[in-house]
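[1] this one's sequence-less:
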């Protein structure tokens, strides 16, 4: 999916999103896929993983490597 709702080609824009708070057994990959669905895109140029709620259980972000792989 290269065209966005606005009609602009994704290749002309730099699109980024960030990791949302994870709930339950949700993974980083789940969060990325949810963001892509909401944006109506097949990919983003930058996926920020910052301030991942350090109060959550240690190891919760262990699956961030490869989150963009399908």
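    That came through fine. In this text the structure is predicted, and so the values were computed from the model without any measurement.
[2] show me where the protein has strands.
    16-18, 46-48 (DSSP state E).
[3] adding mean neighbour count and distance to residue 31, write these out as a markdown table.
    Backbone N, C-alpha and C define where each C-beta goes, glycine included. Output for these, formatted as a markdown table (neighbours: other C-beta atoms under 10 Å; distance: least, C-beta to C-beta, whole Å):
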| stretch | mean neighbour count | distance to residue 31 |
| --- | --- | --- |
| strand 16-18 | 14 | 9 |
| strand 46-48 | 13 | 9 |
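[4] turn these into CSV, including distance to residue 36 and mean pLDDT.
    Conversion of the strands of the chain to CSV gives the following (distance: least, C-beta to C-beta, whole Å; pLDDT from 0 to 100):
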stretch, distance to residue 36, mean pLDDT
strand 16-18, 8, 92
strand 46-48, 10, 93
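[5] nearest to residue 39 among those would be which one?
    When these are compared by C-beta to C-beta, strand 16-18 sits nearest residue 39, at 6.8 Å.
[6] tell me the strands beside that closest one, with direction?
    strand 46-48 (parallel) (DSSP bridges).
[7] contacts for the partner strand?
    14, 15, 16, 17, 18, 19, 32, 35, 67, 68 (C-beta atoms under 8 Å, 6 or more residues apart in numbering).
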